[in-house]
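> just the structure for this:
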Amino acid sequence: MQSTRQRILEILNEKKQATVEQLSAELDLTPVTVRHHLEVLRGEGLVSAPEALRRAGPGRPQYAYGLTDAAGDFFPKNYDKLADLILDEMREQLSENDVKQVIQRVANRMAQQGPSLGRERRPQEILGTVVSYLNDQGYAARWERTPAGEFLLHTCNCPFERVAQTHSEICQMDVSFVAQLVGVVPQRTSHMARGDAMCSYVLRFDENTPDE
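From the prediction side, this is the model:
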């Protein structure tokens, strides 16, 4: 990102709101230049529409700009370390079976937020819907059908990759998550945590599931 726009985001993150005049003074730029950068950032969905500020006395209203929720991605987060510490603490305080039960309940919660699939839907429709949802969650997913007629689901990105490197429970959670979304138990045939390019699953749908 252009350094001036990055600096505008940093100022707005610190101050929560700022007018063009305030940004102009902070950056030593003309108001016209600041407005140009703000409009670019608004077009990228990072800065919200200007909000009129109340004035104590007469005069033209002033307008302040703030960050959108999407702008939060530009600032460092430490979620991976937090997740590592929580899982480490679970391992120390709970039995292996209890940890598995907690992870299973997390997978259940994740699946409950997914799309609702009808019982009579074709595998192709189910996978199309599931892949779309997984992509929204950052999995970079796709599906294919082999010449032998098997359905394969591939996820080329793991949103929890750093945590999964030291906590295999996350990979178990993913398997359960996929199973609940698709409605069948997947068989994993490749695994990113073991050095493969992607995680791949064979999905064998019930014979009664319509295929055509």
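
> residue boundaries of the helices in the protein?
Taking DSSP state H, the helices of the chain run over residues 3-15, 20-27, 31-43, 79-93, 96-112, 123-136, 161-164, 169-182.

> what helices or strands is the second one leaning on?
Read that as helix 20-27. Other elements packing on helix 20-27 under the criterion 3 or more Cβ pairs under 8 Å, 6 or more residues apart in numbering; DSSP states H and E are helix 3-15, helix 31-43, strand 62-65. (Glycine included, C-beta is placed from N, CA and C.)

> of all the helices of the chain, which lies closest to residue 154?
Closest to residue 154 of those is helix 123-136 (Cβ to Cβ; 9.2 Å).

> and that closest one, what does it pack onto?
Against helix 123-136 (3+ Cβ pairs under 8 Å, 6+ apart) you get strand 141-145, strand 151-155, helix 169-182.

> please repeat the previous calculation with a cut-off of 6 Å.
Judged by 3 or more Cβ pairs under 6 Å, 6 or more residues apart in numbering; DSSP states H and E, the packing partners of helix 123-136 are strand 141-145.

> check which residues of the strand it packs on are buried.
Residues of strand 141-145 classed as buried: 141, 143 (neighbour count, 16 or more other Cβ atoms under 10 Å).

> can you offset everything so residue one is 51?
Shifting the count to begin at 51 puts that one at strand 191-195.

> measure stretch 113-133 end to end?
Distance across stretch 113-133, first residue to last, is 40 Å (Cα to Cα, to the nearest Å).

> how deep is the residue nearest to residue 222 when sequence neighbours are not counted tucked in, by neighbour count?
Counting by Cβ to Cβ, 6 or more residues apart in numbering, residue 153 is the residue found nearest to residue 222 once chain neighbours are left out, at 6.0 Å. By other Cβ atoms under 10 Å, the residues close to residue 153 number 20.

> same thing with residue 190?
By the criterion of other Cβ under 10 Å, residue 190 has 15 neighbours.

> show me what contacts it?
By Cβ atoms under 6 Å, 6 or more residues apart in numbering, residue 190 lies in contact with 206-207.

> for it, what are phi and psi?
Note on residue 190: backbone dihedrals following degrees, to the nearest 10 are phi 50, psi 60.

> so what are the domain limits for this protein?
Per automatic domain parsing, the domain ranges recorded for the chain read 53-124, 129-253.

> adding mean pLDDT, write the ones you listed out as CSV.
What follows is the domains of the chain, written out as CSV (pLDDT from 0 to 100):
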stretch, mean pLDDT
domain 53-124, 90
domain 129-253, 92
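
> hang on, the earlier thing: just name the most buried of the helices of the chain.
Comparing these by mean neighbour count (mean count of other Cβ atoms under 10 Å), helix 219-232 ranks first with a mean of 20.

> just checking, what packs against that helix?
Using 3+ Cβ pairs under 6 Å, 6+ apart: helix 219-232 touches helix 146-162, helix 211-214.

> make a markdown table out of these and add distance to residue 55.
Shown next, in a markdown table, are those (distance: least, Cβ to Cβ, whole Å):
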| stretch | distance to residue 55 |
| --- | --- |
| helix 146-162 | 35 |
| helix 211-214 | 28 |
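
> what about those helices, which gets the closest to residue 85?
Nearest of those (Cβ to Cβ): helix 211-214, 39.3 Å.

> quick one: residues in contact with the closest one.
Against helix 211-214 from outside (Cβ under 6 Å, 6+ apart): 130, 133-134, 208, 220-221, 243.
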